[in-house]
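Trainee: Everything below, folded, please.
(one chain, ligands or ions: 1)
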Amino acid sequence: MKEQLAKIEREALEAITGAENPAALEELRVRYLGKKGELTAVLKQMGKLSAQDRPAMGALANEVRSVLEETIELTSQKLAAAALDLKMKAEALDVTIPGQEAALGHKHPMYIALDEIKDIFVGMGFTVLDGPEVELASYNFDKLNAEEGHPSRDWSDTFYFDADSRVMLRSQTSPMQVRAMETMPLPIRIVAPGRVYRKDEVDATHSPMFHQVEGMVIDKNVTMADLKGTLNLLAEQLFGAGTVTRFRPHHFPFTEPSCEMDVQCHKCGGAGCPTCKGEGWIEILGAGMIHPNVLRMSGIDPEIWSGWAFGMGLERTAMRRFKISDLRLIFENDVRFLEQF
Ligand code: DAH
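Mentor: Model (predicted):
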């Protein structure tokens, strides 16, 4: 029996230390130490021994058992460490390999111009507002003093959503004046940039979707001189010192008096060329003193408060700012064009 035990110990130790993975190790544990294992089988024969030999043989068997148990535990730890090591190596990341450079996008020149415009007005204490492109005709027209039958309300000019002409794509950013007057405490200084929509065919100066920036000031004792001073300051800051502007009388339903502001053409310096259609000037915006009816409809007393407003074409302004000659370049999004700014 002594030899039997020694043989089991020798074979088991060799097998256990050679186990290649946890599953093989577990198999060996069952084979030697399990209920039906080889060592267990030897112990079962213990009854056949004389009372004299039994204690010594028992002690020897226990010793073999604990040697095997310890070796199994040790081997198990070694296998786990080796597995972890392998996993770490497989998942290793070489942080010194140069990365793949991502092609970054580029800000559109019109939005560069818009950011400059916002900065100029924020610097003068204006708040920038955002508003809905799907607008009620009551905000786009009625509350701006454009009564039923006004030509701009015509179906041939405006995108309506319903047969009653009550919901539409806004044709101007001016409804933001009404939204500001209805919700903001006085005095008010706002600019509101955004998309507007009209049924126009695309050509060098037209698009069915374009951008405007609305501006409005309501305070006490506001005059046309404030309007002209502010817009001249805008022109100088945006287009450069010494930029020449002119104001022409005009008509808008929501302002009285009304005007348009032109900036001298950057291409010809006022002599007349294709870019300015021979005019020497480029029209940038409409403006005026807010009509008392408009103030009254939004619950503001025109005897106490007065204000001015303007609506600027953003594409045209960006074209003047960056000396771009054709409106279509703004919308075509040719990367070779956009990357120049
Ligand atoms: N909404 C006008 C347009 O689209 C532009 C405009 C003119 C806006 C005068 C104004 C203004 O705020 O006072 O043609």
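
Trainee: Please enumerate the helices of this structure.
Mentor: With DSSP state H, the ranges of helices along the chain come out as 2-17, 22-33, 38-44, 54-90, 109-123, 137-140, 175-183, 224-239, 292-297, 314-322, 328-332, 335-338.

Trainee: can you tell if the fifth one touches the ligand?
Mentor: No. Applying CB under 6 Å from any ligand atom, one finds helix 109-123 separated from the ligand by no less than 13.8 Å. Backbone N, C-alpha and C define where each C-beta goes, glycine included.

Trainee: Now do that helix and helix 224-239, the angle between them.
Mentor: Going by axes from the mean of the first three to the mean of the last three CA atoms, to 10 degrees, helix 109-123 is angled at 130 degrees with respect to helix 224-239.

Trainee: and what of the fourth one?
Mentor: With the same axes, to 10 degrees defining the directions, helix 54-90 sits at 110 degrees from helix 224-239.

Trainee: Name the residues of helix 54-90 that are buried.
Mentor: Buried residues in helix 54-90, counting neighbours by 16 or more other CB atoms under 10 Å, are found at 57, 61, 64, 65, 68, 71, 72, 75, 76, 79.

Trainee: what's the closest non-adjacent residue to the fifth one?
Mentor: With CB to CB, 6 or more residues apart in numbering as the criterion, residue 68 has its nearest non-adjacent residue at 5.4 Å, and that residue is residue 12.

Trainee: For that neighbour, give me its contacts.
Mentor: Contacts here follow CB atoms under 8 Å, 6 or more residues apart in numbering; on that basis residue 12 touches 28, 32, 38, 39, 68, 71.

Trainee: returning to what we had before: closest to the ligand among the buried residues of helix 54-90?
Mentor: residue 79 (78.5 Å; CB to the nearest ligand atom).

Trainee: hmm, back to that, columns pLDDT and distance to the ligand on top of the buried residues of helix 54-90, output as JSON lines?
Mentor: Below are the buried residues of helix 54-90 laid out as JSON lines (pLDDT from 0 to 100; distance: CB to the nearest ligand atom, whole Å):
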{"residue": "57", "pLDDT": "84", "distance to the ligand": "109"}
{"residue": "61", "pLDDT": "86", "distance to the ligand": "102"}
{"residue": "64", "pLDDT": "88", "distance to the ligand": "99"}
{"residue": "65", "pLDDT": "89", "distance to the ligand": "96"}
{"residue": "68", "pLDDT": "88", "distance to the ligand": "93"}
{"residue": "71", "pLDDT": "91", "distance to the ligand": "90"}
{"residue": "72", "pLDDT": "91", "distance to the ligand": "87"}
{"residue": "75", "pLDDT": "91", "distance to the ligand": "84"}
{"residue": "76", "pLDDT": "91", "distance to the ligand": "81"}
{"residue": "79", "pLDDT": "90", "distance to the ligand": "78"}
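
Trainee: about what we covered before: rank the helices of the chain by mean pLDDT and give me the bottom one.
Mentor: Ranked by mean pLDDT, those bottom out at helix 38-44, with a mean of 83.

Trainee: What ranges does the stretch 201-341 of the chain have for its strands?
Mentor: In the stretch 201-341 of the chain, the strands defined using DSSP state E, counting those that start in this stretch lie at 209-219, 245-252, 255-264, 281-290, 306-313.

Trainee: which one of those strands lies closest to residue 46?
Mentor: strand 209-219 (97.2 Å; CB to CB).

Trainee: Restricting to C-alpha, output that closest one in PDB.
Mentor: In PDB, the C-alpha atoms belonging to strand 209-219 read as follows (Å, rounded to 0.1, in the frame of the first residue of the first chain):
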ATOM      1  CA  MET A 209     -34.900  79.900 -49.000                       C
ATOM      2  CA  PHE A 210     -32.600  82.500 -47.700                       C
ATOM      3  CA  HIS A 211     -31.600  84.100 -44.400                       C
ATOM      4  CA  GLN A 212     -32.400  87.400 -42.700                       C
ATOM      5  CA  VAL A 213     -31.300  89.000 -39.500                       C
ATOM      6  CA  GLU A 214     -34.000  91.000 -37.800                       C
ATOM      7  CA  GLY A 215     -33.100  93.800 -35.400                       C
ATOM      8  CA  MET A 216     -35.300  95.800 -33.100                       C
ATOM      9  CA  VAL A 217     -35.000  98.400 -30.400                       C
ATOM     10  CA  ILE A 218     -37.900  99.700 -28.300                       C
ATOM     11  CA  ASP A 219     -37.200 102.400 -25.600                       C
END
